[in-house]
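J.: show me the folded form of this:
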Amino acid sequence: MVESILSTEMKSVTAAAQMLLDQMCYLEEVGWFQAFLDILLASEYTGLHDAIKEWNFQELEQLNEHRRFLERIEPSITKHLKPSELIAHMSGCLKPRECEEIQAEESQRGRIAASEKLVASLLRSDKPNWFKLLKIALENCDLDEARDMLETNGGAAAAKASEWDAEPEAMMTTVCFEFREEAETEDMLMSSNNSTSVAEEPGSFTGKPERSGERKLREYQKELTAAAVQGQNTIICAPTGCGKTIVALAISEYHLKQFPEKAKIVFLATKVDVYEQQYKLFKEHFSSKDPNIRVTGMCGDMDYLSVRWLIEHHDIVVMTAQILVNALQSAEVPSLEILSLILFDECHNTTGKHPYNNIMTRYLDTKLTSSTHSLPQIVGLTASVGIGSFKNGLEAENNILQLCANLDTRVITTVTEHKDELKSYVHTPEKAFFEVQQCMSHPFIRIIKNIMSNIEQLAQKTFNIESLSNIQNREYGSQKYEQWIVSVQKSCKVLQMKNKDEERRICRELYNYTEHLRKYNDALIINEDARTKDALDYLDAFFDQVRNAGFDETERKLTALYDCQRPQLLRLATEGEQNPKLDELKFILEEEYHNNDQTRTVMFVKTRALADAMKKWIDETDSLKFLKPGVLIGKGRKSNFTGSGMTPNNQKGILESFKSSDQSKMLIATSVADEGIDIPQCNLVLMYEYVGNVVKMVQVRGRGRAEGSRCFLISSNKERIAKEKINMFKEKMVEEAIVQLQSRPADLSNKVDMLQREDKARRDHISSSPEKPKTQGSYELLCSKCKKFACMSDDIRVVQGAHHIVLDRSMFKRCTTAPHKNPRAFSGFCKKEKMLCAECKHDWGLIASYLTIQDLALLKIESYVVQNCVTRRQDYFRKWRDVPFAMREFDMTEITPETCRPRDTAPDEV
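T.: As a prediction, this is how the structure comes out:
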């Protein structure tokens, strides 16, 4: 039937649409109607989506007159159009795919054919503003004749409409749908009521009453808003999938009504992908509810915008937390007192050095030191408050109290009165455990371990590596071995000898040895959880990089060691037995999809390398390749495998494909997807050797939202399975701790007050302690891999309090460059290239332009060792704030013809 519909679409879009709708009327599967709405929205049929969702087609029907008119003048107007120019002004009513097709048509068949395709796209458009945008585009492109045709005939369109009996091909067809279920996506987690009255009491939430009646919160959602609409600071703790974002929208709406002209709301997200999801919900809700409510958003790659300006000129700003932290630190936002409400999404993160806690520390310092303040209301949203480590109920209570103190709340809001209703909407996946056999005697493992042993012996001949780390009893193929490598490399960076040439040789050799050991260790970990072939592919990719980078004598020796064993490794990877874990996983997936071919799966894995390997395995397994899995990984600063992290746009595309497309039935994800991301269609969650704390368990399990969802942990590690069972027990412990704290509100409030005073005293003590003074003496920055001299500390300048540049142009004689995969602008800088050590190709930072100044070296302090020019002591720092020397702020007056000299004409070193 799918092939028949697609074939018909080539001849007539309307006929194909009718066939599709006819088939949909026979669907009986749970969730088909919501899936239809989801695919309409994902495919950017927003007008049609809204009309069907609200069951109000008035706006679409009003477009019919314009359609008839444009169809009538099509033969004339197409002769006067320039499609490639027009589409640049019509992104508001044309989809990107349509624009691409129109451009292709013009290049292949000419302007008239492309104009006809443009008109056909407009005739099918469900955007209410398409006719207006067409007129504006014609005017902007100076296509006066075509514009005159629209303006001359447009006014008479209504009068003539009844005379035109020809219906355009893309006319709407009215279809009757029978509702079989309640919509379950997070932006639809509300029940509808046909009453046209608009309730104003706290907790009520209305939307478009003039069209479809009052849309009300469910009773449990009203209960979750109760404390917030009374102006109290509160933590709202409720299961994933219950509609906490809808609750946040309701609280925001009520707050705006309570404080007209004064309300300033900020909604904070922890990650860019979650920010984009929540910003879209806020924008869509308030643009349809009340276009006068100004909603905007800002995330990390939009630092060219002014945060204060956005807050002052909008009612609601959705942003990532670090944006607000930066604005407060730079004093661009003078105080949190310019806000009236802050909503913290995933508020359990308000601990330690997290940006959320940074914001709240400023809040609490103001509150506890000033008697006259007007601080904003605080509302936190989370699925679990089971933070930190705890062994019993009292410790769980103490952790929750600390979170309350950090968020300045004395009220924990949970669903208590409407639990039955909550359970009817929120489905907790059934949990199961699969303990599988681990393959320990594979010849591939023995060969890799033998290579690692040989490398360790080579390293030992260079220097006593055992003296560089205190970590003992390390095992190949373990996380502990990775920790040993990190420890050795850290010690190696500051290793000093009398003979400096010998020091540089030893440090560089040890760095290479340990880096190769790291890759072999990674390969063993991949082999344990995926195929031997995937582990070998990982090593092949690494050695390709080594060869392409230009390697020294040590790397040649190590590459030869690998090349010698590779034929045997390849044979084992090709002929060896299947990993028993994969056999178990294959069985589970085949069974689940045999029982329900509409299953949607999210599988969590530990590393990016494993995510990549699992996708390859599924794509190459005949019985599973129909799943066409997508891979969702974090952005990341560095990758543990050959690929790089995903950009927010990559992540968005993968998620949209999984949510709305029948192509991808499975998503393989690292921890980036376990918190906040809305995946409503998922009904099977697989945790493949993936276990964390209580909060992570609740978040991961919550990815399965469909009715009848299940969550499986697959592991060969008995301790890992036991830990997850303990987490399940701790979850009950946290729930009981919440009940106990809610039953003692006065005690909760007193303990929060005490914790806040203690925390404030601790902060005051730290701030009053004299800082170690920064010296004015000179320091050398040396490459942390080969100890080659890079620059002097005296030549470093600080830009905007955060970026560190070098004014000495001779540095370019000591480095080389490589293209940057993601050149972009930030804070007045424009990334151009990567900067590498000329001798060992170690990453030194970036080459960038700043304002009108070209070719500036931006340093990464973790790439260098700092050496005191007097004492010759060497130290390694991961943060600029920890370096011992003072650095001057950048001053434009320092820019001279010498400092502006192009890098290829930099002066020779003295």
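J.: for Ile721, helix, strand, or coil?
T.: Three-state assignment for Ile721 (DSSP: H, G, I helix; E, B strand; the rest coil): helix.
J.: all further residue positions should be reported with the first residue as 516.
T.: Sure thing, new numbering starts at 516, so read that last one as Ile1236.
J.: that one: neighbour count?
T.: The number of residues packed near Ile1236 is 17, by other C-beta atoms under 10 Å. C-beta: built from backbone N, CA, C; applies to glycine.
J.: my guess is it contacts Ala947. True?
T.: No: Ile1236 is beyond contact range of Ala947, at 10.8 Å (criterion: C-beta atoms under 8 Å).
J.: residue boundaries of the helices in the stretch 566-715 of the chain?
T.: Along the stretch 566-715 of the chain, the stretches classed as helices by DSSP state H, counting those that start in this stretch are 573-577, 579-592, 598-601, 611-624, 626-639, 645-655, 659-669, 672-676.
J.: could you show me where the helices are in the stretch 716-865 of the chain, in order?
T.: 724-727, 734-744, 759-773, 787-804, 822-827, 836-844.
J.: wait, which of these is closest to Asp1262?
T.: Nearest to Asp1262 among these is helix 734-744 (17.6 Å), distances taken as C-beta to C-beta.
J.: buried residues, the closest one. List them.
T.: By 16 or more other C-beta atoms under 10 Å, the buried positions in helix 734-744 come out as 735-744.
J.: just put those residues in CSV and tack on distance to Lys1015.
T.: Below are these laid out as CSV (distance: C-beta to C-beta, whole Å):
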residue, distance to Lys1015
Tyr735, 70
Gln736, 68
Lys737, 72
Glu738, 70
Leu739, 65
Thr740, 67
Ala741, 70
Ala742, 66
Ala743, 64
Val744, 69
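J.: for those, which one is nearest Glu1070?
T.: Proximity of those to Glu1070 (C-beta to C-beta) peaks at Leu739, which lies at 58.7 Å.
J.: residues contacting the residue nearest to that closest one when sequence neighbours are not counted?
T.: Spatially, and ignoring its direct neighbours in sequence, Leu739 is nearest to Val762 (4.8 Å; C-beta to C-beta, 6 or more residues apart in numbering). Shown in contact with Val762 (C-beta atoms under 8 Å, 6 or more residues apart in numbering): 732, 736, 739-740, 751, 753, 896.
J.: swap in 6 Å and give it another go.
T.: 736, 739-740 (C-beta atoms under 6 Å, 6 or more residues apart in numbering).
J.: grab the nearest non-local neighbour of Lys568.
T.: Leu552 (5.9 Å).
J.: next one: the helix or strand hosting Leu1084 to chain centre, how far?
T.: Leu1084 belongs to helix 1068-1090 when assigned by DSSP states H and E. Distance, stretch centre to chain centre, for helix 1068-1090: 37 Å (C-alpha atoms, centre = their mean, to the nearest Å).
J.: secondary structure class for Ile1041?
T.: Following three-state DSSP, Ile1041 is assigned to helix.
J.: which one of the buried residues of helix 734-744 is nearest to Ile1229?
T.: Nearest to Ile1229 among the buried residues of helix 734-744 is Tyr735, at 33.4 Å by C-beta to C-beta.
J.: coming back round to it: relative to Asn914, which of the helices of the stretch 566-715 of the chain is closest?
T.: Closest to Asn914 of the helices of the stretch 566-715 of the chain is helix 611-624 (C-beta to C-beta; 47.3 Å).
J.: next, the buried residues of that closest one.
T.: 613-614, 616-617, 620-621.
J.: now swap in stretch 982-1001 and tell me
T.: 983-984, 989, 991-992, 996-997, 999-1000.
J.: repeat for stretch 878-897
T.: Residues of stretch 878-897 classed as buried: 878-879, 882-883, 890-897 (neighbour count, 16+ other C-beta under 10 Å).
J.: try stretch 1117-1137
T.: 1117-1133, 1136.
J.: just the ones of those residues in strands?
T.: 1117-1119 (DSSP state E).
J.: out of those, which is nearest to Glu936?
T.: Val1117 (26.4 Å).
J.: want to throw the buried residues of helix 611-624 into CSV with pLDDT?
T.: Output for the buried residues of helix 611-624, formatted as CSV (pLDDT from 0 to 100):
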residue, pLDDT
Glu613, 81
Cys614, 82
Glu616, 80
Ile617, 83
Glu620, 76
Glu621, 76
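J.: of all the residues you listed, which comes closest to Arg1403?
T.: Set against Arg1403, the nearest of the buried residues of helix 611-624 by C-beta to C-beta is Cys614 (49.9 Å).
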